[in-house]
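# For reference, the sequence and a predicted model appear below.
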Amino acid sequence: MTAMVEISHLTKHFGAFTAVDDVSFKVNKGEVLGFLGPNGAGKSTTMKMITGFLTPDAGTVTVGGDNIANSPVAVKSRIGYLPEGAPLYSDMTPEKFLHFVAEIRGMRGTEKARRVDEVIQKVNLESVVYKPIETLSKGFKRRVGLAQAIIHDPVILILDEPTDGLDPNQKHEVRSLIQSMASEKVIILSTHILEEVDAVCTRAMIIANGKLLADGTPASLAAKSPLHNSVEITIRTDNPDPVNRELEQLNGIKSVEKFKTTDGCVSFRVYSSTEQTPISLVNQLAHDKDWKVENLHVETGRMDDVFRSITTQQKTTQQKVAS
Amino acid sequence: MANIWVIFKRELAGYFTTPIAYIFIIIFIFLSGIFAFYIGNFFDRGQADLTPFFSFHPWLYLFLIPALAMRLWAEERKGGTIELLLTMPITMPQAVLGKFLAAWAFTAIALALTFPIWISVNYLGEPDNGIILAGYLGSLLMAGAFLAIGSCVSALTRNQVIAFVVSAVICLMFVLSGFPLVLDFFSIWAPEFIVTAISSFSFLTHFEAMSKGVIDLRDIIYFVSLISFWLFANAVLIEYKKAD
């Protein structure tokens, strides 16, 4: 089966600045792909090229078998797009605006009315459909933007920072909406909120300075963290030094780090020298020594650590090359 | 065609959801009346025609049409909706034409609403209504040319004030190039064919004949090709400047 979205060697310059630098990837149905990256990394530019707004300087975008350079209208009709900041015709009402989008997407008559009603219900816009968009709150505006993106039930949904600037409840709503559509679509979204990737994405890509730096499941990316598989243990004690020594003497331990002391409790992080997590060893030891364990768990790794190390690593190597 | 119609409807309705439409129409009717009656001496001339009414249209359009056209693309840029519009399954010519035709239809509405002056002149005397119709047609064509310039300039910037000023200046050049004062300046030193070339580019030259009832195919071709040229440039400019 061919991939729904296939990007190869995509490149875009703005003057001397390279916004997207030779990016290639494929996405299939059922995948929710998260673009991660610092501001100005090239996430939005990549999306603008996939949606046909910008023309790439080099490389191709193929959506559902059609090359966007040859059949832009066919490609655009398969895509639903929420641009960054959800721009909307602010003097229209959501109802008029959605009818406009439905018409331009080729719907007419009862089909159009049915689809408009459906999306209004799906994103909970009922209470504001007759108010001018400019008077709506940010959350409602974002929902109108989402509604126009899904009105034609597109196979491919591209969302540029869909939850940016929303409050936690609104974020949760948008994420549930994305998850509810995930199985039957290709969804590509960009974000710089890392928890979001864990919450909705099946696959994550880290982009910085226009380059694709990492590609994998959120778990596999998190596993690149140095913290991955380490054990965190918190013990109630006044004298942490012997505990530290005991932990260090365990088999297969690379190092032990005492990282927090609060209210008579001391927290250690135990790093394994192998692939295996040392939790059972630590647990056994704690049991044998009768330590008062307050907390004991395996660290799965943190996306933000990985993100920071990958994106800053690249910056320093670049600086070295430059100097 | 269907897509042009969808964009056309949205744009035209857009004029009427804001006060722009009403202010524009009222000012247009009010000023065209004032110019015709006071400056053009509509009554004192004692002639049953609308020449004083039409002769001020180029000057009215000079600042009213750029004001109407300045938002066409600059507003889309400013609001970011250009990204929304151009990622819909439509082509660039459809987007440009839909917007242009809506603005043109709107000026047609404003122009049609000056009908009381036509009724007046029919009440007062026996004008040649064919000439008046030709005048309206010429005025509408000229408005289209002004609009095409305004639409193209509007595509270059996200700032509506800049769009207004620049297109007003370009329109002014197209009007002035047929003005006797400007032509005299050139005729002193320039060879005849240059003077003719300059004056042939003028709105005034082509509009005057039509407002006197002479529908010459060359005048119609002039306005239509001018509109086509500026709209083509409009589409090309957006294509190249989408990213800024």
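Everything's here; your move.

# you'd agree B:Phe207 is up against B:Trp59?
No: assessed by Cβ atoms under 8 Å, B:Phe207 is found out of contact with B:Trp59, at 11.2 Å. To be clear about C-beta, it is placed using only N, CA and C from the backbone, and glycine gets the same treatment.

# And the helix or strand where B:Trp73 lies, what's buried?
Per DSSP states H and E: B:Trp73 is located in helix B:71-79. Neighbour counts over helix B:71-79 (16 or more other Cβ atoms under 10 Å in any protein chain shown) mark B:71-77, B:79 as buried.

# again, but for stretch B:91-104
Applying 16+ other Cβ under 10 Å to stretch B:91-104 flags B:94-104 as buried.

# touching chain A at all, it?
Yes: using Cβ under 8 Å from any Cβ of the partner chain, stretch B:91-104 comes into contact with chain A via B:Thr91.

# Could you give the average pLDDT over that stretch?
For stretch B:91-104, mean pLDDT rounds to 96.

# How about stretch A:76-88?
94.

# What count of nearby residues applies to residue 187?
Assuming you mean chain A. By other Cβ atoms under 10 Å in any protein chain shown, the residues close to A:Ile187 number 26.

# oops, chain B please
16.

# do the one 10 residues further on as well
Other residues near B:Ala197 number 13, with proximity taken as other Cβ under 10 Å.

# just the buried residues of helix B:71-79 now: which is nearest A:Glu294?
B:Gly79 (54.2 Å; Cβ to Cβ).

# Can you tell me the closest non-neighbouring residue to that closest one?
Nearest residue to B:Gly79 in three dimensions, chain neighbours excluded: A:Pro87, at 5.5 Å (Cβ to Cβ, 6 or more residues apart in numbering or on different chains).

# in what helix or strand does the one you found lie?
Using DSSP H and E, A:Pro87 maps to neither a helix nor a strand.

# quick one: contacts for it?
Neighbouring residues of A:Pro87 by Cβ atoms under 8 Å, 6 or more residues apart in numbering or on different chains: A:145, B:79-81, B:83-84.

# from those residues, which would you call buried?
Counted by 16+ other Cβ under 10 Å, these give A:145, B:79, B:81, B:83-84 as buried.

# Narrow the residues you listed to those in strands?
Using DSSP state E to define strands, no part of the buried ones among the contacts of A:Pro87 is located there.

# mind checking how far the residue in chain B that chain A sits nearest to is from A:Ile151?
Nearest residue of chain B to chain A (Cβ to the nearest Cβ) works out as B:Gly80 at 3.3 Å. B:Gly80 sits 19 Å away from A:Ile151, taking Cβ to Cβ, to the nearest Å as the criterion.

# ok, back up a step: let me have the buried residues of stretch B:91-104 in a markdown table, adding secondary structure as columns.
Putting these into a markdown table (DSSP: H, G, I helix; E, B strand; the rest coil) gives the following:
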| residue | secondary structure |
| --- | --- |
| B:Gln94 | helix |
| B:Ala95 | helix |
| B:Val96 | helix |
| B:Leu97 | helix |
| B:Gly98 | helix |
| B:Lys99 | helix |
| B:Phe100 | helix |
| B:Leu101 | helix |
| B:Ala102 | helix |
| B:Ala103 | helix |
| B:Trp104 | helix |
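
# Nearest residue to the residue nearest the centre of chain B in space, ignoring adjacent ones along the chain?
Among the residues of chain B, the one closest to the centroid is B:Ala143, at 2.0 Å (Cα atoms, centre = their mean). Leaving out its chain neighbours, the residue that sits closest to B:Ala143 by Cβ to Cβ, 6+ apart is B:Thr107, at 4.5 Å.

# is it true that A:Val174 touches A:Arg142?
Yes: contact criterion Cβ under 8 Å: A:Val174 and A:Arg142 qualify, at 7.0 Å.

# between these two, which one's more packed in?
A:Arg142 (26 against 23).

# Stretch B:182-199 spans what distance, first to last residue?
9 Å (Cα to Cα, to the nearest Å).

# Pull the distance from it to the chain's centre.
25 Å (Cα atoms, centre = their mean, to the nearest Å).

# Could I get the full set of helices for the chain?
I went with chain A, as the question did not name one. For chain A, helices defined by DSSP state H occupy the ranges A:43-50, A:72-78, A:94-104, A:109-122, A:138-150, A:168-181, A:194-200, A:218-222, A:240-248, A:279-289, A:303-322.

# wrong chain, I was asking about chain B
B:2-17, B:20-34, B:51-54, B:57-69, B:71-79, B:81-86, B:92-112, B:115-124, B:129-154, B:160-176, B:180-187, B:192-200, B:203-211, B:217-241.

# list the contacts for the spatially closest residue to A:Lys254 that is not a sequence neighbour?
Of all residues not flanking A:Lys254 in the chain, A:Ser273 sits nearest, at 4.0 Å (Cβ to Cβ, 6+ apart). Counting by Cβ under 8 Å, 6+ apart, A:Ser273 touches A:252-254.

# hmm, 10 Å instead?
A:251-255 (Cβ atoms under 10 Å, 6 or more residues apart in numbering or on different chains).

# One more: B:Glu11?
A:89, B:71-72, B:98-103, B:105-106.

# out of those residues, who's nearest A:Ala286?
A:Ala286 lies nearest to A:Tyr89 out of the contacts of B:Glu11, by Cβ to Cβ, at 62.8 Å.

# wait, that closest one sits on A:Lys141?
No: counting by Cβ atoms under 10 Å, A:Tyr89 stays clear of A:Lys141, with 11.3 Å between them.

# These two: which is more packed in?
Counted by other Cβ under 10 Å, A:Tyr89 and A:Lys141 do not tie: A:Tyr89 has more neighbours, with 25 against 21.

# Of the contacts of A:Pro87, which pair is most distant in space?
A:Gly145 and B:Gly79 (12.5 Å).

# list the residues that contact both of those two?
A:85, A:87-88.

# so where's the chain uncertain?
The chain I'm using is chain A. Scanning chain A for pLDDT under 70 picks out the ranges A:1-2, A:314-323.

# wrong one, chain B
In the predicted model of chain B, residues B:46, B:244 satisfy pLDDT under 70.

# Comparing the helices of chain A, which comes out most buried?
helix A:43-50 (a mean of 26; mean count of other Cβ atoms under 10 Å in any protein chain shown).

# Now do the contacts for residue 223.
With no chain named, the answer covers chain A. Counted by Cβ under 10 Å, 6+ apart, A:Ala223 has contacts A:216-217, A:229, A:300-301, A:306.

# ah, no, chain B please
B:137-138, B:140-145, B:148, B:203, B:206-207, B:210.

# Out of those residues, which comes closest to B:Leu237?
Distances from B:Leu237 to these, taken as Cβ to Cβ, are shortest for B:Ala148 (12.5 Å).

# Please look at that closest one and B:Phe203 and confirm they touch.
No: using Cβ under 10 Å, B:Ala148 makes no contact with B:Phe203, being 12.0 Å away.

# so what sits against both of those two?
Joint contacts of B:Ala148 and B:Phe203 (Cβ under 10 Å, 6+ apart) are B:223, B:226.

# how close does the residue of chain A found nearest chain B sit to B:Glu76?
Nearest to chain B in chain A, going by Cβ to the nearest Cβ, is A:Pro87, at a distance of 3.3 Å. According to Cβ to Cβ, A:Pro87 stands 9 Å off from B:Glu76.

# Touching both of these two, which residues are there?
B:82-85.

# and those as CSV, adding distance to B:Ile29?
As requested, the shared contacts of A:Pro87 and B:Glu76 are exported to CSV (distance: Cβ to Cβ, whole Å):
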residue, distance to B:Ile29
B:Ile82, 33
B:Glu83, 37
B:Leu84, 35
B:Leu85, 32
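
# All set now, cheers.
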